[in-house]
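# sequence first, predicted coordinates after that:
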Amino acid sequence: MKRTHHARVVAMILLAELGVGSCAASGLRVSDVPSVPLIAPDGTTVDAAYFAKRSPETVLIFFSSHCHCLDAHQGRIIALFDEFHRRGVEFAMIDSEVGASIARDNIESQRRGYAFPILLDRGAKLADALGAEYATYSVVIDSRGRVRYRGGLDSDKMHLHDDAQQFVRSALDDLLAGRSVRVPEGKTLGCALERW
């Protein structure tokens, strides 16, 4: 019992150091997106916090070039972009893996038909700050740069089902309608990121 209590205290201290507050309705820990440098496809540096505040909502999806779960979701990701980008939502993939490079990410982006960038997260600093451990881990950020949803794209892994819970879609629908996000956290079913 003491060990469990100690672990909770340590976790609360770490969250406080990250500037994390609590969301009373759900128990979800909500934080501002940290100021972390990301490398854009053209080699320039963009700040994660600035990028997140460019639109009403932003969706960041953690990327892996070798994840079959992410591959299975390509159609859904592109459909989400097509539907919500028209409504002002920005999208970006985040590559936090060892061995990631601008050249490889640009090839992957073109091969997959992404109309949004893959941003390089050297040292997995953004992944660490947002708790991303798996490809397909998604974070929805509001216009104030606050994390409003984190977790899986949906409740599917490799095989897609018509009745899957669409976590990211639901979060965006809620936020764009001015509602609180009903499901602010969902289980991620992607591949483990090969992080730094």
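Done, it's in.

# enumerate every residue touching the residue nearest to residue 54 when sequence neighbours are not counted.
Closest residue to residue 54 in three dimensions, ignoring its sequence neighbours and counting by Cβ to Cβ, 6 or more residues apart in numbering: residue 90, at 5.8 Å. In short, each C-beta sits where N, CA and C put it, glycine included. Going by Cβ atoms under 8 Å, 6 or more residues apart in numbering, residue 90 touches 51, 54-55, 57-59, 116.

# what do you get if the cut-off is 10 Å, keeping everything else the same?
Residue 90 makes contact with 51-60, 81, 84, 116-117, 141, according to Cβ atoms under 10 Å, 6 or more residues apart in numbering.

# what do you get for residue 111?
By Cβ under 10 Å, 6+ apart, residue 111 lies in contact with residue 65.

# pLDDT value on it, please?
Among the per-residue scores, residue 111 shows a pLDDT of 93.

# report the distance from the helix or strand hosting it to the chain centre.
Using DSSP states H and E, the element containing residue 111 is helix 102-112. Distance of helix 102-112 from the chain centroid (Cα atoms, centre = their mean, to the nearest Å) equals 19 Å.

# again, but for stretch 161-172
On the basis of Cα atoms, centre = their mean, the separation between the geometric centre of stretch 161-172 and that of its chain is 15 Å.

# quick one: residue 43 and residue 120 touch, right?
Yes - the pair residue 43 and residue 120 qualifies as a contact (Cβ atoms under 10 Å) at a distance of 9.4 Å.

# of the two, who's got more company?
Neighbours were tallied for residue 43 and for residue 120 using other Cβ atoms under 10 Å; the higher tally belongs to residue 120 (23 against 8).

# roughly how far does that one sit from residue 160?
As judged by Cβ to Cβ, to the nearest Å, residue 120 and residue 160 stand 28 Å apart.

# before we move on, what about residue 171?
The gap separating residue 171 from residue 160 is 19 Å, by Cβ to Cβ.
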